[in-house]
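Participant: my questions concern the predicted model and sequence given below.
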Amino acid sequence: MLTAARLGAAALSAALLAGTAATPALADSPAPTSPTAAAVPEGLYGKGDPKYDGVWRQSLALIALAGAKVTPADSAVSWLAGQQCEDGGWPSFRAAGAACDAKTEDSNATAVAVQALVALGGHQDSVDKGVQWLKANQNADGTWAFNPGNPGDANSTGLAVNALFAAKADPAGVAKSGKNAFDGLAVFQVGCAAPADQRGAFAYQPDPASGALAPNALATAQASLAAAGGWLPVAAGVRSDAAPKPLACQDGAPTAAVAHADSAEAAGAYLTAQLGAGGNHLTLTTPGAAPTPDYTATAWAALGLTQSGHPQQAAGAVDWLTQNGATWTKAGTDAGATATLLLVTQAAQRDTAALVQQLTALGPAPKAVASSSASASPAPASKSNGIGQYWLIAVGLVIGIGGGLLLSLQRKRGAKL
């Protein structure tokens, strides 16, 4: 993704998301024409035009806040739930009162919305309908496309697998024409036939002509979470002090697809090498433009490594994101980027108070905030506590003086008697 961009977007150029040419899944950042405040629906996080990323950024925000034990406003939850169509799918955005159009429903919005409703709890019917939509729109090779009917891609397939895991639907049992969701992921993973420094990476899509797989940073980062059996929000997996294991390849070995058992470790090894070579971040390359840091890919790489039990390999990326987060999140005004950074920080078990405060400020006032998620700013609390302390001291002095006077009077009375 681009800076603060929504993942899995086919509207980005080939280098952005490794070669897509359609128009789905654009950025969290505002559209070219900024809408008026009235154009942003009530309950929606963020102030930018929601046309391309409304469901995406809302879902990420609700997932991240649920992880922070923040109870969102009813309007925020009902807006997301109300975007679901009768057939179970979600579009990127549907204006109030607009009818559902099957052509606008997409797997990315559906997958992340399912994860959000699972995280919130109490929405089982909507979750079940979303999972059925994903099952119905799986391709014959086990993959998912952004919009049904198109060739699958690694980002969309990874997100669908995340949603299946979240909803407790075993991806190994979700299949079309004998190919399950793990087989779908394997379609995009670079194996032993490639040079050693490319093995374990994911391509966005195979080359249409040759079928070759070109490593793509975002595709690898996003698919790695699915390969590791994870979903949002990410909880640290069983920790391994060893580095991720690269594919074990032998000369002359068959060029079979990467086995699911090896997939997460292979992707983790590739990402670890790329992060090390890039100064703890992944890089976005687009035709005709200078390479730039890829914040979103770096974030998902950290999530995937953490899920697969390698938080120590993710630590440098988390540090880099923390140091550069203000640029990515536009100083905490980009809801999707802020939510993603909060998810990374939660997974790394870092201090999240400031990010929680930034994210809650971008949407309706929450119903409740856990004490651990309260503002990190000590000023109001210390002022209040200081007043309380001075009041207690004053009361204590009054009581002490009164007690002393009482004792003095009693002594005088005793002397007179």
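Facilitator: In hand now; what should we look at?
Participant: grab the nearest non-local neighbour of A214.
Facilitator: Distance criterion CB to CB, 6 or more residues apart in numbering; nearest residue to A214, sequence neighbours excluded, is A203 at 5.2 Å. Bear in mind the C-beta positions are built from the backbone N, C-alpha and C, glycine included.
Participant: count the neighbours of that neighbour for me.
Facilitator: For A203, the count of nearby residues is 24 (other CB atoms under 10 Å).
Participant: and it, what's its pLDDT?
Facilitator: Per-residue pLDDT puts A203 at 98.
Participant: please apply the same query to G142.
Facilitator: We have a pLDDT of 98 for G142.
Participant: burial count for it?
Facilitator: Per other CB under 10 Å, the neighbour tally for G142 reads 24.
Participant: next one: it from A235, what distance?
Facilitator: 26 Å (CB to CB, to the nearest Å).
Participant: quick one, phi psi at the residue nearest to A214?
Facilitator: Per-residue torsions, A203: phi -90, psi 150 (degrees, to the nearest 10).
Participant: that one and A331: what is the separation?
Facilitator: 34 Å.
Participant: likewise A194?
Facilitator: Noted for A194: a distance of 40 Å to A331, by CB to CB.
Participant: the two: who's more crowded?
Facilitator: A direct count of neighbours by other CB under 10 Å for A194 and A331 places A194 higher, at 20 against 11.
Participant: where does pLDDT dip in this structure?
Facilitator: Confidence mapping of the chain against pLDDT under 70 gives the ranges 1-38, 237, 251-254, 372-417.
Participant: one more pass at 90, please.
Facilitator: Along the chain, the parts satisfying pLDDT under 90 run over 1-39, 235-241, 250-256, 285-288, 370-417.
Participant: next up, the contacts around the spatially most central residue of it.
Facilitator: Taking CA atoms, centre = their mean, the centroid of the chain lies closest to T340, which sits 4.3 Å from it. Taking CB atoms under 8 Å, 6 or more residues apart in numbering, we find T340 in contact with 60, 64, 296, 299.
Participant: change it to 7 Å
Facilitator: T340 makes contacts with 60, 296, 299, as judged by CB atoms under 7 Å, 6 or more residues apart in numbering.
Participant: any chance of those in JSON lines, plus distance to P311?
Facilitator: Formatted as JSON lines, these follow (distance: CB to CB, whole Å):
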{"residue": "L60", "distance to P311": "21"}
{"residue": "T296", "distance to P311": "19"}
{"residue": "A299", "distance to P311": "14"}
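Participant: any idea which of those residues is closest to A273?
Facilitator: Relative to A273, the closest of the contacts of T340 is A299; by CB to CB it sits at 17.9 Å.
Participant: surely the closest one touches L342?
Facilitator: No. Look at A299 against L342 with CB atoms under 7 Å: they stay out of range, at 10.1 Å.
Participant: what about Y204, distance to N216?
Facilitator: As for Y204, its distance to N216 is 5 Å (criterion: CB to CB).
Participant: run through the helices of the stretch 301-417 of the chain in chain order.
Facilitator: Ranges of helices in the stretch 301-417 of the chain, per DSSP state H, counting those that start in this stretch, are 311-328, 335-347, 353-360, 379-416.
Participant: same check on the stretch 151-300 of the chain?
Facilitator: Going by DSSP H, counting those that start in this stretch, the stretch 151-300 of the chain shows helices at 154-166, 181-186, 217-227, 260-277, 295-307.
Participant: residues of the fourth one that come out buried?
Facilitator: Which is helix 260-277. Residues of helix 260-277 classed as buried by neighbour count (16 or more other CB atoms under 10 Å): 260, 262-275.
Participant: now do the same end-to-end measure for stretch 101-108.
Facilitator: End-to-end distance for stretch 101-108: 16 Å, by CA to CA, to the nearest Å.
Participant: returning to what we had before: let me see the contact set for the residue nearest to A214.
Facilitator: Counting by CB under 7 Å, 6+ apart, A203 touches 18, 154, 188, 190, 213-216, 219.
Participant: let me have the contacts of T340 in JSON lines, extended by distance to D125 and neighbour count.
Facilitator: As requested, the contacts of T340 are arranged in JSON lines below (distance: CB to CB, whole Å; neighbours: other CB atoms under 10 Å):
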{"residue": "L60", "distance to D125": "22", "neighbour count": "29"}
{"residue": "T296", "distance to D125": "31", "neighbour count": "28"}
{"residue": "A299", "distance to D125": "31", "neighbour count": "29"}
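Participant: what is the nearest of these to G229?
Facilitator: Comparing those against G229 with CB to CB places A299 closest, at 18.7 Å.
Participant: any idea how far the closest one lies from T322?
Facilitator: In terms of CB to CB, A299 sits 11 Å off from T322.
Participant: same check on D128?
Facilitator: Distance, D128 to T322, by CB to CB: 37 Å.
Participant: same deal with W144?
Facilitator: 32 Å.
Participant: more neighbours: these two, which one.
Facilitator: Per other CB under 10 Å, whichever of W144 and T322 has more neighbours is W144, with 30 against 16.
Participant: so is the more buried one in a helix, a strand, or just coil?
Facilitator: Secondary structure for W144, judged by DSSP: H, G, I helix; E, B strand; the rest coil, is coil.
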